[in-house]
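Undergrad: next comes the sequence, and after it the predicted model I'd like to discuss.
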Amino acid sequence: MKIAWGITGAGHLLEESVNMLYELSKDHEVTVLLSGAGEEVLKMYGLFNKVKSITGGYYRELVREDDQRFSFPMTGRFSLGKYDVLVVSPTTSNTIGKIVNGIADTLITNAVAQAGKGGVKTCIIPVDLESGAVETVLPSKLELADCQNCQPCQAAAACPEDAINPGVEIDLLKCIGCGTCQIACPYGAVTGGKRITIHMRDIDIENTHKLYDFDGVDVFGHPDEISGMF
Ligand SMILES: Cc1cc2nc3c(=O)[nH]c(=O)nc-3n(C[C@H](O)[C@H](O)[C@H](O)COP(=O)(O)O)c2cc1C
Ligand code: SF4
Ligand code: SF4
């Protein structure tokens with residue numbers, strides 16, 4: 001099958017999405033579409049290279065939002081029915097909000113709109129599914145309470161991207177999630193994959209529920225749930 005897989009800028013369900021994408025890429029042609037934020041968070045969580053490793057030729061390419069400018073010419077392939085299915089996982093509350101309001105001004109929302117016009121089945125895995133609290137995972141984080149302000153900072157010295165401002169924070173837009181700093185810091189002051197609890201907003205849950213009424217769109221709670229389709 002020809003699968004188009006969109007990744008938006010959510011840390012929640014990101015690793016699970018990349019793992020499913022990786023598995024499917026072994027037996028199917030997968031084009032990966034990255035929202036601008038999707039590309040950034042993939043790097044922060046150290047998952048960009050895994051996604052890149054599965055991409056290559058025409059139907060296995062990596063489509064970046066920045067390269068598609070303002071009109072997203074690539075999404076014309078959906079109106080022409082060139083893909084069997086479009087999966088968007090994980091899908092941020094931002095992207096869901098736009099989709100349910102008919103907005104198509106980003107690579108992923110435009111792909112969903114064109115898939116609808118081209119009769120391409122669309123599967124969406126929202127990160128904001130039900131009301132209440134959800135446990136999610138953070139990228140690398142400098143824990144100031146544990147930081148000893150060493151001179152020099154060994155974590156900063158070891159960072160290949162110069163992303164650590166010692167005693168202040170990690171610049172996540174430079175960070176590639178390699179984890180070197182966690183090993184280098186003798187005081188355990190850098191964490192990666194720390195779990196925190198967040199609370200869903202009503203507006204985001206309402207938007208997700210509107211998706212259930214969309215023609216041609218199926219909503220799933222977890223990326224693993226789509227494996228049965230292929
Ligand atoms: C580390 C990190 C994790 C994030 N995780 C989420 C998330 O789980 N869910 C979400 O809706 N937004 C999350 N965001 C915010 C989105 O990236 C942001 O709203 C962005 O504008 C979404 O753009 P997109 O929908 O075009 O991908 C996260 C941002 C960062 C920096
Ligand atoms: S090595 Fe660790 S404890 Fe020392 S300044 Fe750097 S982050 Fe802080
Ligand atoms: S070493 Fe630098 S790039 Fe690697 S996880 Fe730490 S801050 Fe990010």
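TA: Great, that's in hand. Ligands and ions are numbered 1, 2, ... in the order given.
Undergrad: quick check: residues of the chain near ligand 2?
TA: Counting by Cβ under 6 Å from any ligand atom, the chain comes close to ligand 2 at 142, 147-150, 153-156, 166, 185, 187, 189-190. For the C-beta atoms, the positions are set from N, CA and C on the backbone; glycine is no exception.
Undergrad: can you classify the residue of the chain positioned farthest from its centre by secondary structure?
TA: When distances to the mean C-alpha position of the chain are computed (Cα atoms, centre = their mean), the maximum falls on Gln151, with 36.1 Å. Here Gln151 is coil, with the state taken from DSSP: H, G, I helix; E, B strand; the rest coil.
Undergrad: ok, it to ligand 3 distance?
TA: Between Gln151 and ligand 3 the distance is 19 Å, computed by Cβ to the nearest ligand atom, to the nearest Å.
Undergrad: and if you look at Thr91?
TA: Distance, Thr91 to ligand 3, by Cβ to the nearest ligand atom: 25 Å.
Undergrad: quick one: that residue and Ala10 touch, right?
TA: Yes - between Thr91 and Ala10 a contact is recorded at 7.0 Å, counting by Cβ atoms under 8 Å.
Undergrad: the more surrounded of these two?
TA: Taking other Cβ atoms under 10 Å, Thr91 and Ala10 do not tie; Thr91 has more neighbours (31 against 24).
Undergrad: check contacts around Ile203.
TA: Gly97 (Cβ atoms under 8 Å, 6 or more residues apart in numbering).
Undergrad: quick one on the thing from earlier: report the buried members of the residues of the chain next to ligand 2.
TA: Among those, the ones that count as buried by 16 or more other Cβ atoms under 10 Å are 142, 147, 150, 153, 155-156, 166, 185, 189-190.
Undergrad: tell me the confidence at Tyr187?
TA: What the model reports for Tyr187 is a pLDDT of 97.
Undergrad: state the pLDDT value of the closest residue to it other than its chain neighbours.
TA: Leaving aside its sequence neighbours, Tyr187 sits nearest to Gln148 (Cβ to Cβ, 6 or more residues apart in numbering; 5.2 Å). In this prediction, Gln148 carries a pLDDT score of 97.
Undergrad: wait, Gln148 touches Val190, no?
TA: No - using Cβ under 8 Å, Gln148 is not in contact with Val190, being 12.0 Å away.
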